[in-house]
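1. my questions are about this predicted structure, shown below with the sequence.
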Amino acid sequence: MKKIIVLIIFILAINSVFANIGFLQNLQTASSKNDNTLLVFYKPDCPYCINMDKAVSNDADFQKKLLEKYNVKVLDITTAEGRLMADKFNIHAVPSMVNFNNATGKSKIIKGFGGIEKLAASLNIITSTINKNNNPVNNLATCGDGIVEAGEGCDDGNLSNGDGCNATCLVEAGFNCTGSPSICTPVAVCGDGIVGAGEACDDGNNTNGDGCNSSCSIEAGFNCTGNPSICNYNDECINAVTLSGTSGTAAGQNSSATNSVGVPAPTCQTNINKDVWFTFTLSTSKICRF
């Protein structure tokens with residue numbers, strides 16, 4: 001009895017889901033009269049789903065035979081219902097279909113879309129299209145299956161955005177993806193807070209004057225370390241700012257400076273901390289005042 005109750009709940013759930021793309025919307029409005037239900041999982045922006053939609057829309061014979069054998073239910077995986085059913089059947093790539101038998105509860109997953117001929121064969125449907133066309137089927141890629149195929153820039157085995165390989169299997173800006181399944185790593189971009197190849201620093205911005213400039217080079221008088229870079233102004237003797245000319249002023253700040261290790265406190269001042277450094281070289285011997 002428990003199994004029957006669960007099955008009834010399942011059928012009610014899938015009957016509440018509707019799509020807004022081409023043939024799928026019309027097919028699923030047909031009355032339920034078969035034991036076999038074909039669950040079609042898709043995303044509105046999935047190019048392979050769109051290709052499938054166009055192909056089936058142009059084959060009236062396949063549509064007729066499909067309706068004779070299956071109740072078609074469409075599930076958009078970007079909706080709450082779609083995600084729920086995708087989790088139930090362990091669907092992680094689109095387009096995917098589940099051939100579900102309402103009487104036995106058994107199901108079969110069909111991944112991707114390789115053309116009408118291949119789909120019809122998977123569903124045990126004989127159409128005039130198959131009788132007329134005996135050419136090999138050129139398989140279209142299935143985004144999210146972890147296999148980089150024709151038309152895909154990457155495939156990391158999921159349909160998540162923001163991880164380098166997006167939900168339509170294109171490489172996202174700021175990433176480099178290699179391998180199958182794809183492994184995506186951030187590409188060093190000045191201002192992203194990651195010190196990459198060719199960068200001496202990266203403080204997470206493209207501002208000049210804060211120690212790490214807009215080309216990710218360390219500015220004079222600064223010492224920059226870490227990811228993102230923290231830049232201290234002439235904090236140590238090695239980063240001393242050079243004073244030039246014979247007169248003038250030199251501006252500085254010691255808000256992020258530290259006490260220099262091994263440097264004795266001057267005899268004229270007992271409260272020394274956060275010291276900064278300057279250097280000046282005389283061209284000839286003379287009296288100087290600082």
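-> Yep, that arrived.
2. where does the protein dip in pLDDT?
-> Low-confidence segments of the chain, defined by pLDDT under 70, are located at 1-34, 127-141, 256, 270-272.
3. which stretches of it form helices?
-> Taking DSSP state H to define them, one finds helices in the chain at 2-15, 22-28, 47-57, 60-69, 80-88, 116-122, 128-132.
4. buried residues of the fourth one, list them for me.
-> In terms of neighbour count (16 or more other C-beta atoms under 10 Å), helix 60-69 has its buried residues at 61-63, 65-67. Any C-beta I mention is one placed from the backbone N, CA and C, and that applies to glycine too.
5. out of the residues you listed, which is nearest to residue 180?
-> Proximity of the buried residues of helix 60-69 to residue 180, judged by C-beta to C-beta, is greatest for residue 62, which lies at 31.5 Å.
6. hang on, the closest one packs against residue 117?
-> No: taking contact to mean C-beta atoms under 8 Å, the distance of 9.5 Å between residue 62 and residue 117 leaves them out of contact.
7. distance of residue 288 from residue 282?
-> Using C-beta to C-beta, to the nearest Å, one obtains 7 Å as the distance from residue 288 to residue 282.
8. how near is residue 75 to residue 49?
-> If you go by C-beta to C-beta, the gap between residue 75 and residue 49 works out to 11 Å.
9. looking at those two, which is more packed in?
-> Here residue 75 and residue 49 are set side by side on neighbour count (other C-beta atoms under 10 Å), and the busier one is residue 75, at 29 against 25.
10. now the more buried one: closest residue in space that isn't a chain neighbour?
-> Using C-beta to C-beta, 6 or more residues apart in numbering and skipping the chain neighbours, the partner closest in space to residue 75 is residue 82 (4.3 Å).
11. so which residues of this structure form strands?
-> Here the chain has its strands, by DSSP state E, at 36-42, 71-76, 96-101, 107-111, 175-178, 183-186, 222-225, 230-233, 241-243, 278-280.
12. can you list contacts of the first one?
-> By that I understand strand 36-42. Defining contact as C-beta atoms under 8 Å, 6 or more residues apart in numbering, one finds that strand 36-42 is touched by 11, 14, 19, 21, 24, 49, 52, 66, 69-77, 82, 85-86, 89, 91, 94-102, 123.
13. residues of it that come out buried?
-> Taking 16+ other C-beta under 10 Å as the basis for neighbour counts, the residues of strand 36-42 that come out buried are 37-42.
14. now do the contacts for the nearest residue to residue 188 once chain neighbours are set aside.
-> Nearest in space to residue 188, with sequence neighbours left out and distances taken as C-beta to C-beta, 6+ apart, is residue 196 at 2.0 Å. Taking C-beta under 8 Å, 6+ apart as the contact definition, residue 196 lies against 187-189, 202.
15. same question for residue 86.
-> 41, 75, 77, 92.
16. again, only using 6 Å
-> The neighbours of residue 86, taking C-beta atoms under 6 Å, 6 or more residues apart in numbering as the test, are 41, 77.
17. mind checking how far it is from residue 238?
-> Computed as C-beta to C-beta, the residue 86 to residue 238 distance reads 58 Å.
18. what does residue 221 give?
-> In terms of C-beta to C-beta, residue 221 sits 11 Å off from residue 238.
19. of those two, give the one with the bigger neighbour count.
-> Neighbours were tallied for residue 221 and for residue 238 using other C-beta under 10 Å; the higher tally belongs to residue 221 (20 against 9).
20. neighbours of the spatially closest residue to the more buried one that is not a sequence neighbour, how many?
-> Once flanking residues are discounted, residue 221 sits nearest to residue 241: 3.9 Å by C-beta to C-beta, 6+ apart. For residue 241, the number of neighbouring residues by other C-beta under 10 Å comes to 18.
21. with residue 262 instead?
-> A count of neighbours around residue 262, defined by other C-beta under 10 Å, yields 6.
22. thank you kindly, that will do.
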